[in-house]
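A.B. asks: compute the structure for the input listed below.
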Amino acid sequence: MTESTEDFKNHTRRTLFIFASVLCGTFLMVGASFAPLRNPHMNLVLVLVAACCNAFIVAGFLMHLFSERKMIYTMLGFTAFFTVMLFALTWIAEHDVPQVLVR
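C.D. replies: As a prediction, the model looks like this:
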């Protein structure tokens, strides 16, 4: 029974750490958007960096992408293959135009 209690405590601690990380990232995004910087584009860069960090945390931990690597890489492989094939079909169709006879 102690193992399941320890597992639950570890899971709870990990979940709270992830929640705190996402919350800090959100506060960082809001703070960066209101920061008085000389260049307003720097605000945008800071917000996007914080948003990427938040997305990494959410996708990796909350969507379980870190623990399911084989399935994720398989799906990414299929996606890349079909994307390349669609681009190839578009390129082939672009050159598949009937020749018009000019008189």
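A.B. asks: which elements pack onto the longest helix along the chain?
C.D. replies: Of all segments of type helix in the chain, defined using DSSP state H, the longest is helix 2-34. When contacts are defined as 3 or more Cβ pairs under 8 Å, 6 or more residues apart in numbering; DSSP states H and E, helix 2-34 sits against helix 40-57. All C-beta atoms are positioned from the backbone trio N, CA, C, and that covers glycine.
A.B. asks: starting at the chain centroid, how far to the helix it packs on?
C.D. replies: 13 Å (Cα atoms, centre = their mean, to the nearest Å).
A.B. asks: now do it against helix 2-34, angle only.
C.D. replies: Using axes from the mean of the first three to the mean of the last three Cα atoms, to 10 degrees, one finds that helix 40-57 and helix 2-34 are set 170 degrees apart in direction.
A.B. asks: following helix 40-57, which helix or strand comes up?
C.D. replies: helix 69-94 (DSSP states H and E).
A.B. asks: hmm, residue 21 is touching residue 57, no?
C.D. replies: Yes - using Cβ atoms under 8 Å, residue 21 is in contact with residue 57, at 5.4 Å.
A.B. asks: so, low pLDDT: which residues of this structure?
C.D. replies: Within the chain, the stretches with pLDDT under 70 are 1-3, 101-103.
A.B. asks: same thing but at 50, please
C.D. replies: Filtered on pLDDT under 50, the chain yields no residues whatsoever.
A.B. asks: okay, now residue 25: neighbour count?
C.D. replies: Using other Cβ atoms under 10 Å, residue 25 is surrounded by 20 other residues.
A.B. asks: how about stretch 14-21: buried residues?
C.D. replies: residue 21 (16 or more other Cβ atoms under 10 Å).
A.B. asks: same question for stretch 25-38.
C.D. replies: Of the residues in stretch 25-38, those buried (16+ other Cβ under 10 Å) are 25, 28-29, 32.
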